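>>> could you work out the structure for the sequence below:
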Amino acid sequence: VSVGTPTTTEGIGAGSASNVKYLELCARDIGRYATSSKVIVEKSTVPVRSAETLSRILTYNSPEGVVFPIVNNPEFLAEGTAISDLETPDRVLIGGEQTELGLAAVESVASLYAHWVPR
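Residues are numbered from 1 along each chain as shown. Coordinates of the predicted model:
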């Protein structure tokens, strides 16, 4: 999930908090249309505990028995050097729940990066 998280312009946190409206809308759509379990990779720069919110929305909007382990893998890409930053990152962070399912999801994302980034 890679969506815009602009700064909130109104209400509590205006000018300093992230607007996660697009993250929430994306989670609703994934939950609504997914027919089987999926690993969800959160790429956007989001506030702490956004994965918990994402999980609640996915669970509420999905069929019973469909699960969504969430992996946080924030992007460290700069405008103008995004491709280079992706090809030769100075760091890769991957995190998830410390459960059997969460650790398996983290490993699946780590194995993707292992094709071009040494562990």
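
>>> any residues touching the helix or strand bottoming out on mean pLDDT in the chain, and which ones?
Lowest mean confidence among the helices and strands of the chain (mean pLDDT, DSSP states H and E): helix 82-87, at a mean of 89. The contact list for helix 82-87 (CB atoms under 8 Å, 6 or more residues apart in numbering) reads F76, L77, A78, W116. All C-beta spots, glycine's among them, are computed from the backbone N, C-alpha and C.

>>> same question for stretch 17-32.
Residues outside stretch 17-32 that contact it (CB under 8 Å, 6+ apart) are 1, 3-9, 38, 40, 42, 44-47, 50, 53-54, 57-62, 66, 68.

>>> kindly supply the ChimeraX command isolating those of those residues that are buried.
Of the contacts of stretch 17-32, the buried ones go into a single ChimeraX selection, burial set by 16 or more other CB atoms under 10 Å:
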select :1,3,5,8,38,40,42,44,46,50,54,57,58,61,62,66,68
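
>>> pLDDT score for I94?
Looking at I94, its pLDDT stands at 95.

>>> give the contact list for R119.
A110.

>>> use 59 as the first number for this chain going forward.
Right, with 59 as the first residue, what we last looked at is R177.

>>> just the ones in helices from the contacts of stretch 75-90, please.
S108, T111, L112, I115, L116, T117, Y118, N119 (DSSP state H).
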